[in-house]
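Pasting the sequence and the predicted coordinates here, then a few questions.
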Amino acid sequence: MDYETLKLIWWALIGVLLIGFAITDGFVMGVGMLLRVIGKTDMDRRVMINTVGPHWEGNQVWLVTAGGAIFAAWPMVYAAAFSGLYAALIIALCALFLRPAGFDYRSKIDDPRWRNLWDWGLTIGSLVPPLIFGVAFGNLMLGLPFELDPLLRPSYHGAFWQLLHPFALICGLLAVAMLAMQGGAWLQLKTRGLLLMRAQSMTQLCAAAVVILFVLAGIWLLLGIDGMQVVDSKPVGDKINPLMKTVAYGNPGWQANYLQHPLLWSIPLLGFVMAAITLLLSRAERPLAFLSSSLCVACVILTAGVALFPFVMPSSRDPNISLTMWDATSSQLTLGLMFAAAVIFVPLILLYTSWCYRKMFGRVTKEYIEENSHSSY
């Protein structure tokens, strides 16, 4: 397989991993966000936690795999991102630490103060990571203030507070609303009674927020942010080097791919429609709300990916040294070996995950928790 095809395949595979993480671990985080909102009693919260109990550990594998794939496929992106976004990523990592501890230790002691403490830990551990990841995606659209020296060593020239641009914060809130919608739709599949009714209300509220924030972010991106576009680069087959291209700053920029291939406009349109359909299906108490919510999540991420393509990490200080999927990749041998491993193991993981969900499908009730108190979270 030729080098350029491998680069394109790995751009798509990393996108699949990010979408898989957002859909699967997204509903776990969504349930965690809603834990203190719709879980009015300790039993309500135990029911909510046990709806994701069989899945939360396996779902985190998507995030670990995506991080490992970025490191292996785009090592320069990994180095530049972790040097520049180190503080934000450490905050997200520390928040993620609260989740396994909260799941495992919450019910060990029958003390309201102890359990409330871990409930807040689960809420924070579920809310902070998607907020930070959404802000990070927003900053990619704005460009990050990094440079490369002649030896291709990255240096970052920004501060943590500069990441909190209003557009980036809207993207962060969009990510939070999107995963809360996913969590609410999951709870509608897995609960009964008053808890189901509260989950239904939150799903509709979050779906409406997704519609508003997605439209607002899109309008801001179209009218208020100048994108980038590669206008000249070395011919295919030359040695890869991020310094050997010319990038133009300005519109059409992030709309260039959509203008060149108008059919791609169906992706953001479908994201908007799926959020609206999720609201309607949730109101009608239809189980397909979780499917439409998952499609909405996938389309929102694809919208950002298509807009950025082929950029992976744009530079606001010098657009010409922005890292793209063509010039910031590993060697052909590395990409080829990883592709062979992915062809073997990704289908196995998908089959096993599908089997687990089929075997563990069913509603969690108060009676179930009381009958299985010692084996439940």
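Looks like it arrived, so ask away.

residues in contact with Ala69?
Neighbour list for Ala69: Trp10, Leu13, Ile14, Leu17, Met338 [criterion: C-beta atoms under 8 Å, 6 or more residues apart in numbering]. Every residue, glycine included, has its C-beta placed from N, CA and C.

Need the max-distance pair from those.
Leu17 and Met338 (12.0 Å; C-beta to C-beta).

Could you pull out the helices in the stretch 151-300 of the chain for me?
166-190, 193-224, 256-260, 266-283, 289-308 (DSSP state H, counting those that start in this stretch).

Relative to Ala217, which of the contacts of Ala69 is nearest.
Nearest member of these to Ala217, counting by C-beta to C-beta, is Ile14, at 21.8 Å.

show me the contacts for that closest one.
Residues counted as contacts of Ile14 (C-beta under 8 Å, 6+ apart) are Ala66, Ala69, Ile70, Ala73, Trp74.

can we see that at 6 Å?
With contact set as C-beta atoms under 6 Å, 6 or more residues apart in numbering, Ile14 has these partners: Ala69.

isn't Ala73 right up against Trp10?
Yes: the pair Ala73 / Trp10 is scored as a contact, 4.5 Å apart, by C-beta atoms under 6 Å.

returning to what we had before: select from the contacts of Ala69 every entry located in helices.
When DSSP state H is applied, the contacts of Ala69 are split such that Trp10, Leu13, Ile14, Leu17, Met338 fall in helices.

Low-confidence regions, the protein specifically.
Flagging of the chain using pLDDT under 70 yields the residue ranges 235-239, 251, 359-361.

how about 80 then?
The model of the chain has pLDDT under 80 over residues 82-84, 232-241, 250-253, 353-362, 365, 368, 370-377.

Just the buried residues of whichever strand or helix holds Leu351, please?
If you go by DSSP states H and E, Leu351 is part of helix 332-359. Residues of helix 332-359 classed as buried: Leu335, Met338, Phe339, Ala342, Thr353 (neighbour count, 16 or more other C-beta atoms under 10 Å).

Who are the packing partners of that helix?
Helix 332-359 sits against helix 3-38, with contacts defined as 3 or more C-beta pairs under 6 Å, 6 or more residues apart in numbering; DSSP states H and E.

Let me know the next secondary structure element after the helix it packs on.
Following helix 3-38 in sequence, per DSSP H and E, is helix 42-52.

The nearest residue to Leu169 once chain neighbours are set aside: which element?
Using C-beta to C-beta, 6 or more residues apart in numbering and skipping the chain neighbours, the partner closest in space to Leu169 is Val135 (6.5 Å). Element membership for Val135, per DSSP H and E: helix 112-142.

Going C-terminal from that helix, what's the next secondary structure element?
Next along the chain after helix 112-142, taking DSSP H and E as the criterion, comes strand 146-148.

Return the most buried member of the helices of the stretch 151-300 of the chain.
helix 166-190 (a mean of 25; mean count of other C-beta atoms under 10 Å).

Can you name the residues in contact with it?
Looking at helix 166-190 with C-beta under 6 Å, 6+ apart, the contacting residues turn out to be 26-27, 29-31, 33-34, 51, 130-131, 133-135, 137-139, 199-200, 202-203, 206-207, 209-210, 213, 217, 220, 287, 289-290, 293, 297, 363-364.

Could you tell me the angle between it and helix 289-308?
Using axes from the mean of the first three to the mean of the last three C-alpha atoms, to 10 degrees, the inter-axis angle of helix 166-190 relative to helix 289-308 is 160 degrees.

oh, and call the first residue 41 from now on, that's how I've got it
That works, and once the first residue is 41, the last one we named lands at helix 206-230.

Tell me how far helix 206-230 lies from the chain's centre.
10 Å (C-alpha atoms, centre = their mean, to the nearest Å).

And for stretch 96-109?
Its chain's average C-alpha position is 11 Å from that of stretch 96-109, according to C-alpha atoms, centre = their mean.

go on, stretch 143-163?
Distance, stretch centre to chain centre, for stretch 143-163: 26 Å (C-alpha atoms, centre = their mean).

So which bits of that stretch are buried?
Neighbour-count burial for stretch 143-163 flags Phe143, Arg146, Ser147, Arg155, Trp158, Asp159, Gly161, Leu162, Thr163 (criterion: 16+ other C-beta under 10 Å).

cool, stretch 349-369 as well?
Buried residues in stretch 349-369, defined by neighbour count with 16+ other C-beta under 10 Å: 349-357, 359-369.

still on that earlier bit, okay, the buried residues of helix 372-399 in TSV with distance to Phe122 next?
Shown next, in TSV, are the buried residues of helix 372-399 (distance: C-beta to C-beta, whole Å):
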residue	distance to Phe122
Leu375	21
Met378	20
Phe379	24
Ala382	23
Thr393	28
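
still on that earlier bit, so who does the residue nearest to Leu209 touch?
By C-beta under 6 Å, 6+ apart, Val175 lies in contact with Leu203, Ala208, Gly212.

switch to 10 Å and redo it
Residues in contact with Val175 (C-beta atoms under 10 Å, 6 or more residues apart in numbering) are 125, 128, 132, 203-205, 207-213, 215.

That concludes my questions; thank you for your assistance.
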